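A.B. asks: Sequence below, structure please.
(chains A and B)
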Number of protein chains: 2
Amino acid sequence: MIKIAMLSTGEEILHGDIVDTNAAWLSRRFFEEGLALHKRSTVGDNQFDLVNELINLSLNYDLVVVNGGLGPTSDDVTAEAAAEAAEEEVDLFPEWVEVMKNYFRRMGKEMPESNIKQAMLPASSTIIDNPVGTACGFTMQINQAQFFFTPGVPREFKHMVDSRIIPAIKEKHTETESKEVSRMFTFGLTESGISDLFKNIHLPDGYEFGYRSSLPFIEVKLFGPAGDMETRLKIMQIVYSHLGENVVSVDEPILANIQALLAEKRLVVSVSEQSSGGYLTSWLHSNEKLSDQLGASWVMTNKVQHTLAEQDPLAAALALAAAIRENSESNIGLATGNMADGKVAFGLSTPYGEWGQIVSLKRSYEKEELRKLYAAIATDMLRRHLEGKPMFGEYASVERVRELFVPASAL
Amino acid sequence: MIKIAMLSTGEEILHGDIVDTNAAWLSRRFFEEGLALHKRSTVGDNQFDLVNELINLSLNYDLVVVNGGLGPTSDDVTAEAAAEAAEEEVDLFPEWVEVMKNYFRRMGKEMPESNIKQAMLPASSTIIDNPVGTACGFTMQINQAQFFFTPGVPREFKHMVDSRIIPAIKEKHTETESKEVSRMFTFGLTESGISDLFKNIHLPDGYEFGYRSSLPFIEVKLFGPAGDMETRLKIMQIVYSHLGENVVSVDEPILANIQALLAEKRLVVSVSEQSSGGYLTSWLHSNEKLSDQLGASWVMTNKVQHTLAEQDPLAAALALAAAIRENSESNIGLATGNMADGKVAFGLSTPYGEWGQIVSLKRSYEKEELRKLYAAIATDMLRRHLEGKPMFGEYASVERVRELFVPASAL
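C.D. replies: Numbers count the residues shown, from 1 in each chain, chains lettered A, B, ... in the order given. Here you go, the predicted structure:
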């Protein structure tokens, strides 16, 4: 297996002013190509630290992608550091000066003197073309590793990786096998709860589980060899049978599943929110296609809450769900009720009847976590209804204190 | 100077499934405390790679913060790797088992067997309490470096860093000088635009500017020695005079400023959304105190949009702002109109009259960026009204194509 590392450079990334999205992108892109990274690191614009890390990587990895520090300003020191790490000089590459001059000419401009620096590369390096900017990439050998140096501007970086670097690596390392990942998204389970459920599943060689929590959801991933669809499906069936109705979607996030379920039946859902303060509506709208299945939303606060709180909270949530459904001429109405004494009511109004539940929290949450949790519980009621699953799920994080079903015939 | 590194662990970070926001947060937080990072690295859940990197860091740095891999599942191997790097065993720490049992007891549950693993720590380590989760942190010496091992869940991680790790480092390394940071949040300017505005400001020794974009806002930071309030205020005044009405808040995010402005006059704002799809309401509610100043919200989609789009879009946005204001008996109504041909209308209805504008986009955006931009423009109108600033700002990213003011006397 080729050992692959990535090195990001730049004070802004090191000190957290910018989140390193290039690194996340490259990792994911390489992983799909069967080129899983073994390590990523970040250093600042300090030449000493940079040389140190380049040498360190050159002795421990086979392939290293370096990102950033190829610009024309004095804090761009990557080319000099690469030359120093390889114990050679930087040379002027006149062919790149020509490319830059043409680039500026097309914009009707003279090339600024400072850009010459971008054609000063380690003597042993080979230029990698950058058709969308003035920083060329370059590749060179340092000790046991082949290095690819790439510009920091995301558009230029991604273009160079896709069009030059991945093809070059694939051509040289024909043995790389792409990995495949299958995913299930769950709601209502904890990571340790899932791991307990799985403890009797023995995976074949080459397969492994991964977990990713984007709370309140937990994504279960199955990594394994690409191509063997039969084994993969068999394992996923076993996984599914262990997770049961807590699976909210397979190989796509829950909203994509909700969208497909609604679109298939051409249903429109409207929303009435109290405890979730607009989060549910905003979240549903974050899926562009799902917007087409959404009617209107109301978000209510203080004054309205006080009036409603005097009623039975479960009846109030059901009334809100029914009212938004009728008022906006939607097929389904979904409501998050007022929060009082750590308890929240949820209501779902449909042509088949109304379902309501009150849940109480088992631990304390920050406000933003709470809004996400309430939105997830409401959406899970909708999902269960659309999938014909039992309407009231078992959720590790909350306890259901009341539930109610009013069939259409009784309304 | 203490040399500080951070190591993030986990396949999902290494392979780009999650952007490593903990790393960005820690870098920033440490930088403000005068603890600038020299290096960050990321390895997967592979124990061999992890041990390698721990040893590597232990020989080259004084302080290392390790994040992630302390969970109860089999792919959480950080504690084992730490023990191996230090050439010692993992031991059961019964005091942490007790803490976890109590934690589950409070939720009315038995502790799952798998959680025992979270109390298996390197023999020489000292527990760092985690009051908000089941993964304790721990600290230990490996070679020349002191290591702090921390849980991956952001809330638990940040809490531990703030309440335990930074105080511990500060106590031991009394020579570190905290930098002081002042902040101004701006809307409507670009980073290079701000940097151009600042090019004639000559800062005294020890002071420097930093920029952080959390789009569509750009945060301007002034780093400098703690304590010298007079110099700092003088510089901030100069900065303020260069940024002018584009400053949306000082030393607090814009929502905190809006909250203070509304609370002071005991005003209630209600919102009507089309193009922003609930994002504006949800964002306003994300500030807990601000919720008290919010009335009701409507979020409308498809059908309603089609009807309204036939009207003049500016008149429609003003009508929506006025309608939500009256219907919810609020002092102020704020509306984002329908989006058509890359143009969006905004309306603000107040007791002093109504303001409306139509803006067109200067470049293309992803949908989520757009919703944030629209919410920011609407909120900036509200901010300008409350602060008595000119109502129609100059925004680098959009062009205003129409504006309208209808005084109360004409309504």
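A.B. asks: which residues of the stretch 51-200 of chain A fall in helices?
C.D. replies: Assigned by DSSP state H, counting those that start in this stretch, the stretch 51-200 of chain A shows helices spanning A:78-85, A:94-106, A:154-160, A:166-172, A:191-197.
A.B. asks: Turn these into CSV, columns for mean pLDDT.
C.D. replies: As requested, these are exported to CSV (pLDDT from 0 to 100):
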stretch, mean pLDDT
helix A:78-85, 97
helix A:94-106, 92
helix A:154-160, 92
helix A:166-172, 93
helix A:191-197, 87
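A.B. asks: which of those sits most buried?
C.D. replies: Neighbour counts (mean count of other CB atoms under 10 Å in any protein chain shown) averaged over each of the helices of the stretch 51-200 of chain A peak at helix A:78-85, with a mean of 23. Any C-beta I mention is one placed from the backbone N, CA and C, and that applies to glycine too.
A.B. asks: Is chain B within reach of that one?
C.D. replies: No. Helix A:78-85 stays out of contact with chain B when judged by CB under 8 Å from any CB of the partner chain, the minimum separation being 14.1 Å.
A.B. asks: Show me what that helix is packed against.
C.D. replies: The contact analysis (3 or more CB pairs under 8 Å, 6 or more residues apart in numbering or on different chains; DSSP states H and E) places helix A:78-85 against helix A:47-60, strand A:90-92, strand A:120-122, strand A:137-142, strand A:145-150.
A.B. asks: let's go with 7 Å and repeat that
C.D. replies: With contacts defined as 3 or more CB pairs under 7 Å, 6 or more residues apart in numbering or on different chains; DSSP states H and E, the packing partners of helix A:78-85 are helix A:47-60, strand A:90-92, strand A:120-122, strand A:145-150.
A.B. asks: For residue A:265, give me the pLDDT.
C.D. replies: At residue A:265 the predicted local confidence, pLDDT, stands at 93.
A.B. asks: distance of the closest residue to chain B within the stretch 301-411 of chain A from residue B:311?
C.D. replies: Distance from chain B to each residue of the stretch 301-411 of chain A (CB to the nearest CB) is smallest for residue A:362, at 4.2 Å. Look at residue A:362 and residue B:311: by CB to CB, to the nearest Å, they are 50 Å apart.
A.B. asks: Looking at the two, which one has more neighbours?
C.D. replies: Neighbour tally, residue A:362 and residue B:311, criterion other CB atoms under 10 Å in any protein chain shown: the higher count belongs to residue A:362, 17 against 13.
A.B. asks: and the closest residue to that one other than its chain neighbours, how many neighbours?
C.D. replies: If the residues on either side of it in the chain are set aside, residue A:362 comes closest to residue B:107, at 4.2 Å by CB to CB, 6 or more residues apart in numbering or on different chains. Counted by other CB under 10 Å, the residues lying close to residue B:107 total 15.
A.B. asks: Hmm, residue B:107 is touching residue A:360, no?
C.D. replies: No. Using CB atoms under 7 Å, residue B:107 and residue A:360 do not qualify as a contacting pair, with a distance of 11.2 Å.
A.B. asks: that older thread, wait, which of the helices and strands packed on helix A:78-85 is closest to residue B:23?
C.D. replies: helix A:47-60 (16.1 Å; CB to CB).
A.B. asks: which other helices and strands contact the closest one?
C.D. replies: For helix A:47-60, the packing partners by 3+ CB pairs under 7 Å, 6+ apart are strand A:4-9, strand A:39-43, helix A:78-85.
A.B. asks: in it, what's buried?
C.D. replies: When burial is assessed from 16 or more other CB atoms under 10 Å in any protein chain shown, helix A:47-60 yields the following buried residues: A:47, A:49, A:50, A:51, A:52, A:53, A:54, A:55, A:56, A:57, A:58, A:60.
A.B. asks: who's in contact with it?
C.D. replies: Residues lying outside helix A:47-60 but in contact with it, judged by CB atoms under 7 Å, 6 or more residues apart in numbering or on different chains, are A:5, A:7, A:9, A:41, A:43, A:64, A:77-78, A:80-82, A:84-85, A:142-145, B:38-39.
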